[in-house]
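A.B. asks: quick one, fold the following:
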Amino acid sequence: MNTFKIGIALSGGGVRGMAHIGALQALEEAGIEPQVITGASAGAIVGALYAKGMAPQEMLDFFKANSRIFRWQHFSRSKPGLLDAELYREMFEELFPLDNFSELNKKLYISATDIEQARCVLFHHGPLIKPLLASAAFPPIFTPVEIDGHWYVDGGVMNNFPVEPLLAECQFVIGSYVSPVKMMSRAHISNSLRLLHRVNDLVLIAASAAKFNWCDVLLLMKSLYKYSTFETSKIEEIYQIGYQYTISQIEKVLRCYEDVKHHGGARRDMSKPPCRWAQPQREEVRHFDTLTTTGTQDVASKDGHSIN
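C.D. replies: All right, here's what the predicted structure looks like:
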């Protein structure tokens, strides 16, 4: 019985999440097929489609068919938010007729934020569609989704990179992060609104970056910063970026995979603080167990600290 499991964490990122589809396709073509998936926001939806067994082109067709997000009939009348997230349920009812995690072919964890109790919840059993809607309910565009008497919003609010469940279940963990930030001069932070947006971006990536070195492989696509959250006209283009980037890194991924498998699984010491993270100079794959990195200003030492 083969107990060596591969897991992948799919971050949120709006339409940039289409890069996850390209990454998954490239990984499968190389013989790396995750059995456990975690996802937040767009990553949760991609993860659910993948766990269902849909092919990459089928996933793309789904997103293209549902790319018109702002629908007048979905405007909220009774809850905070512009669009009622629960009215998008129809998008998923045909795909998931049982509306249950049990109909998936792979294990899936969905990150959502309980905005009343100030906690992140990882859904992995029971009803499926409401957690999906909640995980992608980006405030204040979408209203909260009610589950068991609580209001839930976008999983990215409290956990945009939900790698935690994979650490206990999987021997090889891949992270796919599609919400990078770029360096920015003060000329581009010229008013209060831009300052607020910049701060929000930095808070989001700081929480995720603290967990980057918990992955055996991190796929971080720097060029995605130029795409906005709801730029749905670029679905195919962003998918291609994810695919081509992962193909360009696949030899490194395979070497990492073989090394971890040779040693019987990842050797993570979660008692150590995470490696300090710096904005990569180019797109990167990092293999922290063998302490090699490409395209980053920092190198992890054996105790997990930065050594430069």
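A.B. asks: tell me where the model's unsure across this protein.
C.D. replies: Residue ranges of the chain with pLDDT under 70: 1-2, 71-72, 266-308.
A.B. asks: now Ala40: closest residue in space that isn't a chain neighbour?
C.D. replies: Gly155 (3.7 Å; C-beta to C-beta, 6 or more residues apart in numbering). Where C-beta positions appear, they are placed from N, C-alpha and C, glycine not excepted.
A.B. asks: now do Thr232
C.D. replies: Nearest to Thr232 is Ser67, by C-beta to C-beta, 6+ apart, at 3.9 Å.
A.B. asks: next one: Val46
C.D. replies: Leaving aside its sequence neighbours, Val46 sits nearest to His20 (C-beta to C-beta, 6+ apart; 4.5 Å).
A.B. asks: give me the secondary structure label for that neighbour.
C.D. replies: Three-state call for His20 (DSSP: H, G, I helix; E, B strand; the rest coil): helix.
A.B. asks: what's the spacing between it and Gly126?
C.D. replies: For His20, the distance to Gly126 (C-beta to C-beta, to the nearest Å) stands at 24 Å.
A.B. asks: likewise Ile69?
C.D. replies: Distance, Ile69 to Gly126, by C-beta to C-beta: 27 Å.
A.B. asks: with Glu28 instead?
C.D. replies: 28 Å.
A.B. asks: show me what the longest strand seen in the chain is packed against.
C.D. replies: Longest strand of the chain, by residue count under DSSP state E: strand 107-114. Other elements packing on strand 107-114 under the criterion 3 or more C-beta pairs under 8 Å, 6 or more residues apart in numbering; DSSP states H and E are strand 36-40, helix 42-52, strand 119-123, helix 129-135, strand 150-154.
A.B. asks: deepest-packed of the ones you listed, please.
C.D. replies: Among the helices and strands packed on strand 107-114, strand 36-40 has the highest mean neighbour count (mean count of other C-beta atoms under 10 Å), at a mean of 29.
A.B. asks: that one - contacts with which helices or strands?
C.D. replies: Packing partners of strand 36-40 (3+ C-beta pairs under 8 Å, 6+ apart): strand 6-10, helix 42-52, strand 107-114, helix 164-169.
A.B. asks: mind doing that once more with 6 Å?
C.D. replies: strand 6-10, helix 42-52, strand 107-114 (3 or more C-beta pairs under 6 Å, 6 or more residues apart in numbering; DSSP states H and E).
A.B. asks: all good on my end, thank you.
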